[in-house]
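In: Predicted model, plus sequence, below.
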Amino acid sequence: MTDPGPPDSREWKVGDHVFDAQGVPAVIAYVGEPAFATGKWVGLIFDHACGKNNGTVKDVKYFECKENHGRFVKENQVFATFDNDRRGSSATSLSGSTTSLHSIADSTKGDTTIPVTKKLARPSLGGIKPPSSLPPPGKGTAGAPRPSLGTSGLAKPGTSSGRPSIAPVQAKPKLGSVTESKLIPAKPVTETLIKPQLAPVSEFKVPDQKAPAAAGEGSQERPAPIPLSEPFRSPDKPKPADVTGAQVKAGGGEQVDDEAFPERRDSLKSEGDSVAATAVPPMKIQESAEHAKLRRDQEVEITKLRLHVEQLELNKAAISDSNRTLQKELDTVRRALQDAQDVGDSADEVAELRDSVEMLAIDKEMAEEQRDQLKAEVDDLRMKLEETTVELESLQHEVKAGGHGEASSNFRVNELQSLLEKSKEGLRILHGRLAEEKMSTQKLEKDFKTLTERNEDLTKKVDKLQAEREQTNEVLADLREQVDAALGSEEMVERLIEQKLDLEDRLRDAREEVDHYDEISSTNNEIIELNNQEIRQLREEGDMARSEVGQLKLRIQDLQQNLTDSTVTIHKFRDHTRQLQKENAGLREQLQQASASSSATAEAAPAAPVTIDFRLKLLDEKAIAERVSHRMLDIHGKMLEKKLGYVTLFMPDLYAANREEAFVQICVIPEQIGLKLGLIGEEIAQKFDLPAVVTPQTMEKLPVKRQDEVTYGLAFAFLLKVVELWDRDIDHAIRFASPDAFSVLNELEGQLQRQDESIQYYVDLLRQSRLDEVTSLEYLETSAAQLMAMVARLAALGCEQRTRMEKLKDVMDVFTAGARVVSAVSSGLKAGLKESGPEMTKWLVDFIRKSDEILDIARKIRRPLDTDNELRAVMLPDHVQSQLRTLVEGIQRVATLCFTWYRAVGHQSSLQVAEKGSLDGNSVKALLNAENDRGNFYKSVAASPQLSMLTALEEELGVLRQFSKEIEDGQWTRGASKAPEMPKHPLRLRAEMLKKSLADAEDLKSKIVAKDEEILEIRKNLRAKLEEVSELQLRRNLTEKKRDTASKTEDEKNFRLVSQNKELTDRLTKLQNDYDSESSHLRSQVELLESEKRQMEEKLKQTSKRFLSVDMSPGKPTGKTSSGAVGAGDQYVDGQVDVLRQVVASLRAEIVAVKCEQVRRDLEEKLPPLRPPATAKRDATAERVGKLRRQERALEMERVVMLAKTALDLTKPEEEREKLMRERKNFDAEFHLKMRKIQTEISELTGPGRNFFQDIVAAGQ
């Protein structure tokens, strides 16, 4: 018969009645490709709640049913009802092939557990239970006779084309433990060791001694062979004989009903009659004694191999048990993980992921079981192929040697050749299936990896949600604090109300006292008038005293001025004396050189002495000091007028109470600084006689001292312009500040005062005539930086910035002064450093050229600003305003670095002159780099400071050219907004605001008096309400406490669930890693056992060839020539050899059992220990099973001892040997009875049905 097609060989339709992979009946409600997964899926509806959904997945509705009555499965997991019928019918049919692979396998394996395990180890989704028609292990096959090799021509019942067919079981397995019941529990080692039932020694009967003599010399009679379960068939009749149902059942399969197949029974009977009619006579089909012995040896070796194969199966069963244990733990962790993840917001996605993971895990387990089954079948078929190959070689050798039984040998040769071809074909098919299963396993692993990554993504989402929850908890905590604060504020309001009521009582008392004090005040006023008259008199006397003190102070000032003039004169005289000494030393050096060189007398002539009129110089300095003093008095007077005007805006009480002095000062100080800067600038220009135009030619004509004075004066003027620019920005920001911004500007009073003191320092130097070219400009640089920072701070406070064209004029003045400084420094260096090299000269020429260009473009920009009224009336464009500060900073950085460089070069030149040396280009560059590093002007490593300065000048020149072009094109005047009018001064606004606030305060006082009466009435009502509020507050406090307790409980629960989720995830990862490692270890163990199996197979081949060589040796006596005694002795010896081989096989099985026990111990050590629940109870069934297994092992040991005791010993007398044989026979019968009883009881205690119900009870707990 042909094998039924796969489940997906037909097109499913909605409404078909089918079975799922667990054998549960269902109805198809959907067939197609859903959105939640790829491929074709089938939606099933069950009669009871064994599904996973109601037909809706990811908010997509595919069909309708009750909750947990629907489920989606793949097409290959659905079985039609007629397919089950076909499987049942094929289970009771007979195969027409006489060379079935499974018939040979079953005939060689007897009633071991391997066929049953392989029949029931069919991969299925959910673990199919064996049908009730199959006998449990150890029962149905215990007493069946073992057919000899090659004598069975019937296929095993329940198979079709060598494959088992199992009908689905109606019982529904537990969904949570899919892999717990996939295979029937394998039997222990001691149970399978005694399963092979060899022919007992008692069946080897010694023939009568007279039988050979009565037969005649030409007789070819041979000893009676071992009884066979089926006679040989002739080569021309390969069809099998009739087999009864009892024989089929004894073979380990299902019982065949003869009445169900009348036609088949008649055909088999007719074939049996024809076989009986044409059968060869019994004498011709009997085998020789040597051939029978060879066959028995082969059967013994096959038994050994079968024992080893059973041991391998037991190892695989142990592996399956460990896998099931790990899978149980994995399922437990997954269920706990599911319970923990249901709390989160992503419960739907996690549930869907869990379903997908379960389905993939099931598919993976199914594929692994199929792979293991196919591997086992391949190994089985390989073993059978090798056995049949050995038999074929032996029979071919027998035929070539001209042995007996030619008809039987030819038939078996043909049969084995056909079996060999079919085995090869079966191997190819199985290799193909193994490749397919390997591909499917790889696909499942990829899907599992994808789902694992998705699980990680969901875990990240869960972490994100937890972070959001923590933020929500923080917000909740803030709200709670606000609630507490609100409660505290209410309590505070209550206390304030009570205090207010108390104060009102005190106020009433105070008013009474005020009335009393009014009477006293009238008396006091009269006394005050008298005191005022006395005060006027005293003031007149004080004014007279003050005038006298003023005259004394003026005299003191005159004396101090004279003292200062004298001190300054002394300092100047000392300076001139020091200078004259230096000139005298230089002239002496020149005189020495002139006397040494006769050719240079004219050049060495001393210069004409300079006549200095100290009297005129002192008079000039005194005039300058007086002029500066008068200018300062004028400035001081202007500032006093300004301050007086500002002070008069305030009422005296307001001015003193609110400390308005700071606001007045910040309005006065910027203007005062500007006036002082103008004074200093004029005095500097006069003192150092600064030229209008600075060129290299004019600088070369000047002496060194005059060059230093001009350069210093230009640098001083440049810094004054920078400070004046920022001072005007500050003054404008203060004047245009809003009242809110102006209210915080009093913090700037200290900083402005310090800048005024810095400017005053240079005014004092001018007044004392102590300001010269060696005076440090550090205070001006610091003031410029600090004022620029103050401008930025005012902008941050929201003060309006200067946007008129006057600011651009100031910036152009700064650029003009800076360009003059750069030009003067470059010209002076060029004139003084003629031997510095062409490169330095080029740099200096570039500086001069750039500074001249800046001067030209600055004059070009400023010219329309002075003449064009339309341009002056508009505001600066936004892009110009944003670039002005950067431009000023750039030119200030270049000018400052040039000046410091010039002073460093001058100082170094004086040192070189004293040392009779000169500066070169490298020294000048080094000085520039040193000054740049000291001042931290340019930080670029790639470019030198001079290149950085040129680049900065070029950039600023480009910006200025753009401004000039835009002015010429009229872009600034087209569509530009007009400059705003001057607003009211913020100080005036502040004074008005304070006066208004004072008037408002008076109004509020009158309103307070009017509200007093209302407060008295409200006070009465308030006290009544306070009691109600207190009661409500108590209730609210109780409610808040309950809410806090509930929130804490919920937080603890969430934290516990999150920690549990994390622990379960870690445990799941650890179990998966342990599972992978142990699986690899078990695979290595299986490979090791397979290698041992191959070694034993090689040994079997060698043994078979050795027996064949002994059997077919030319000197071997035949049954004709050997005597009856010798034949009987050989037969007896053969029996004893068989017994010894059985003993050896048992000992080898014990060795294998010890190895398996060692492997099991290794697995127990490496596998993670199982943690039984704390409330686990004592399992009486397990204790009983353990006790039975210990009894079973004890019986095995007794049997081994008995076999060793009754071993064949030819030195002993015949009677003793017979006695030992009888004793062994009796022991074997008793042993088998005891073992069968123990195995039956173990099967009852550990049967599959009991395991199923135990699993249900455990899951319920």
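Out: Arrived safely, thanks for sending.
In: Longest strand of the protein, counting residues only.
Out: As assigned by DSSP state E, the longest strand anywhere in the chain is strand 25-32.
In: After it, which helix or strand is next? Please name it.
Out: strand 41-46 (DSSP states H and E).
In: Surely residue 922 forms part of a strand?
Out: No: counting by DSSP: H, G, I helix; E, B strand; the rest coil, one finds residue 922 to be helix, located in no strand.
In: The longest strand of the chain to strand 41-46, inter-axis angle?
Out: 150 degrees (axes from the mean of the first three to the mean of the last three Cα atoms, to 10 degrees).
In: Now do strand 25-32: which elements does it pack against?
Out: Under the contact criterion of 3 or more Cβ pairs under 8 Å, 6 or more residues apart in numbering; DSSP states H and E, strand 25-32 touches strand 17-19, strand 41-46. Backbone N, C-alpha and C define where each C-beta goes, glycine included.
In: which parts of that strand are buried?
Out: 26, 28, 29, 30, 31 (16 or more other Cβ atoms under 10 Å).
In: rewinding a little: let me know which of the helices and strands packed on strand 25-32 is the nearest to residue 427.
Out: strand 17-19 (32.1 Å; Cβ to Cβ).
In: hmm, who's touching the closest one?
Out: 12, 25, 26, 27, 28, 44, 78, 79, 80, 81, 84, 168 (Cβ atoms under 8 Å, 6 or more residues apart in numbering).
In: Quickly note the distance from residue 971 to residue 78.
Out: 82 Å (Cβ to Cβ, to the nearest Å).
In: make that residue 553, sorry
Out: 120 Å.
In: So which of these two has more stuff around it?
Out: residue 78 (22 against 11; other Cβ atoms under 10 Å).
In: related to what we said a few turns ago, any idea which of the helices and strands packed on strand 25-32 is most buried?
Out: Greatest average neighbour count among these goes to strand 41-46 (a mean of 22), per mean count of other Cβ atoms under 10 Å.
In: Could you count how many residues lie near the closest residue in space to residue 950 that isn't next to it in sequence?
Out: In this structure, residue 950 finds its nearest non-sequential neighbour in residue 846, 5.8 Å apart by Cβ to Cβ, 6 or more residues apart in numbering. Using other Cβ under 10 Å, residue 846 is surrounded by 17 other residues.
In: Read off the pLDDT value for residue 846.
Out: Turning to residue 846, the model gives it a pLDDT of 89.
In: What residues sit buried inside the host helix or strand of it?
Out: Assigned by DSSP H and E, residue 846 belongs to helix 838-867. Buried residues in helix 838-867, counted by 16+ other Cβ under 10 Å: 840-841, 843-844, 846-848, 850-855, 857-858, 860-862, 864.
In: Show me what it is packed against.
Out: Where contact means 3+ Cβ pairs under 8 Å, 6+ apart, helix 838-867 is packed against helix 805-832, helix 869-873, helix 921-935, helix 945-969.
In: and if we set it to 10 Å?
Out: helix 696-701, helix 805-832, helix 869-873, helix 878-914, helix 921-935, helix 945-969 (3 or more Cβ pairs under 10 Å, 6 or more residues apart in numbering; DSSP states H and E).
In: quick one, the second one and helix 921-935 angle?
Out: Angle between the axes of helix 805-832 and helix 921-935 is 150 degrees (criterion: the same axes, to 10 degrees).
In: swap in the longest one?
Out: Interaxial angle, helix 878-914 versus helix 921-935 (the same axes, to 10 degrees): 130 degrees.
In: buried residues in helix 878-914?
Out: 880, 883-885, 887-888, 890-906, 908-909.
In: what's the answer for stretch 1079-1096, then?
Out: Neighbour-count burial for stretch 1079-1096 [16+ other Cβ under 10 Å]: 1081, 1082, 1085, 1086, 1089, 1093, 1096.
In: right, and out of the buried residues of strand 25-32, which lies closest to residue 370?
Out: Proximity of the buried residues of strand 25-32 to residue 370 (Cβ to Cβ) peaks at residue 26, which lies at 23.5 Å.
In: Am I right that that closest one is in contact with residue 69?
Out: Yes: using Cβ atoms under 10 Å, residue 26 makes contact with residue 69 at a distance of 9.3 Å.
In: which residues are in contact with both of those two?
Out: 44, 45, 46, 47, 50, 51 (Cβ atoms under 10 Å, 6 or more residues apart in numbering).
In: So the fifth one: helix, strand or coil?
Out: The one in question is residue 50. coil.
In: Would you mind measuring from it to residue 335?
Out: 17 Å.
In: These two: which is more packed in?
Out: residue 50 (18 against 15).
In: Okay, that one and residue 706: tell me how far apart.
Out: 112 Å.
In: ok, now residue 937?
Out: Taking Cβ to Cβ, one finds residue 937 at 28 Å from residue 706.
In: okay, those two: which has more neighbours?
Out: A side-by-side neighbour count of residue 937 and residue 706, using other Cβ under 10 Å, places residue 937 first with 19 against 14.
In: What is the three-state secondary structure of that one?
Out: Three-state assignment for residue 937 (three-state DSSP): coil.
In: now swap in the one 3 residues further on and tell me
Out: When the structure is reduced to helix, strand and coil (three-state DSSP), residue 940 reads as coil.
In: Which residue, other than its chain neighbours, is closest to it?
Out: Nearest one to residue 940, counting by Cβ to Cβ, 6+ apart, is residue 948 at 5.7 Å.
In: these two touch, right, the one you found and residue 843?
Out: No: the criterion here is Cβ under 10 Å, and residue 948 misses it with residue 843 at 11.8 Å.
In: what's the closest non-adjacent residue to residue 14?
Out: residue 28 (5.6 Å).
In: In this structure that neighbour contacts residue 46, no?
Out: No: between residue 28 and residue 46 there is no contact under Cβ under 10 Å: 11.5 Å.
In: Domain map for the chain?
Out: 508-594, 624-801, 804-978, 1173-1261 (automatic domain parsing).
In: so where's the stretch 301-450 of the chain shaky on pLDDT?
Out: The model of the stretch 301-450 of the chain has pLDDT under 70 over residues 336-351, 395-396, 398-416.
In: To clarify, my last question referred to the stretch 951-1100 of the chain.
Out: 975-983.
In: got a list of what the residue nearest to residue 14 touches?
Out: Neighbours of residue 28 in contact, by Cβ under 10 Å, 6+ apart: 12-18, 42-45, 63, 78, 80.
In: now swap in residue 473 and tell me
Out: Residue 473 touches 1047, 1051, 1054, counting by Cβ under 10 Å, 6+ apart.
In: The helices and strands packed on helix 838-867 into JSON lines, with extra columns for distance to residue 1198?
Out: As requested, the helices and strands packed on helix 838-867 are arranged in JSON lines below (distance: least, Cβ to Cβ, whole Å):
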{"stretch": "helix 696-701", "distance to residue 1198": "128"}
{"stretch": "helix 805-832", "distance to residue 1198": "118"}
{"stretch": "helix 869-873", "distance to residue 1198": "126"}
{"stretch": "helix 878-914", "distance to residue 1198": "107"}
{"stretch": "helix 921-935", "distance to residue 1198": "102"}
{"stretch": "helix 945-969", "distance to residue 1198": "105"}
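In: Go through those helices and name the closest to residue 496.
Out: helix 878-914 (51.5 Å).
In: packing partners for that closest one?
Out: helix 406-596, helix 704-735, helix 778-796, helix 805-832, helix 838-867, helix 921-935, helix 945-969.
In: let's see it at 7 Å
Out: helix 704-735, helix 805-832, helix 921-935, helix 945-969 (3 or more Cβ pairs under 7 Å, 6 or more residues apart in numbering; DSSP states H and E).
In: Using JSON lines, please lay out the ones you listed together with distance to residue 558.
Out: Formatted as JSON lines, the helices and strands packed on helix 878-914 follow (distance: least, Cβ to Cβ, whole Å):
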{"stretch": "helix 704-735", "distance to residue 558": "31"}
{"stretch": "helix 805-832", "distance to residue 558": "38"}
{"stretch": "helix 921-935", "distance to residue 558": "44"}
{"stretch": "helix 945-969", "distance to residue 558": "51"}
